[in-house]
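*Asks:* Sequence plus the predicted model coming up.
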Amino acid sequence: MAAAKYTRLTYDVKEIPIADYVREAIGVEDLEGLAASDRPATRETDQATDHHKRFYDNFHVVSPIYRKLARSLLGPSADDLYIQRVPTFRVHLRNSLAVGDWHRDSDFGHDSAELNYWVPFTRAYGNNTVWIDEEPVHAEYGEVIVFDGANSWHGNVVNDTAISRVSMDFRTLPRTSYRPNDKKSVSFGMPFLLGEYWDIL
């Protein structure tokens, strides 16, 4: 029997209404209604929309609820892990891509011991969702997909659904696996160091 590609977790969106904070940070009322793109994003442009800029510029709005969500998902194991300090924001506009290239995170300097937590703020289905090892992952707001992004082939396809998909993802690393090095994240050019890319809860 093949190993499971991912684990599905859930959380209470009334207790942790993180999508509300994301809407506030990027200044929109309807995440699923974000306007379609006029061309598919590339690896060079997939973090370059105005929505991304507003999310990162206003991350202080989202940070407390992000940390609450992470603590809820990780439980006691949080004390044994480092967590991505600023999660990666994804916008899968209609007619576009959320991530320009299919990849394994280890291709870009990530440690093979990392785990990815993918957190949709909208419905994720059909061609607007993330694909893991060539399988589309359907998920709803309030669900979190945990997978081995460092070593699993993942990406997405052009969104031809009726809605835009908005999500974030963050990574964890066992503290015992942490090895300071001079590599930097491809999205932000941020060193994979504690206090830079990594943080504690």
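*Replies:* Nice, I can see it.

*Asks:* In stretch 88-97, which of the residues would be classed as buried?
*Replies:* Within stretch 88-97, the residues that count as buried by 16 or more other C-beta atoms under 10 Å are 88-94, 96-97. Using the backbone N, CA and C atoms, a C-beta is placed for each residue, glycine as well.

*Asks:* Can you list which of these are found in helices?
*Replies:* Counting by DSSP state H, no part of the buried residues of stretch 88-97 is found in helices.

*Asks:* With distance to Asp148 added, can I get those residues in TSV?
*Replies:* Formatted as TSV, these follow (distance: C-beta to C-beta, whole Å):
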residue	distance to Asp148
Thr88	16
Phe89	21
Arg90	18
Val91	24
His92	21
Leu93	27
Arg94	29
Ser96	26
Leu97	22
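
*Asks:* quick one, helices of this structure?
*Replies:* Listed in chain order, the helices found in the chain under DSSP H are 18-26, 50-57, 59-74.

*Asks:* and those helices as CSV, adding mean neighbour count, mean pLDDT and distance to Arg8?
*Replies:* Putting the helices of the chain into CSV (neighbours: other C-beta atoms under 10 Å; pLDDT from 0 to 100; distance: least, C-beta to C-beta, whole Å) gives the following:
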stretch, mean neighbour count, mean pLDDT, distance to Arg8
helix 18-26, 19, 98, 17
helix 50-57, 16, 97, 25
helix 59-74, 17, 98, 12
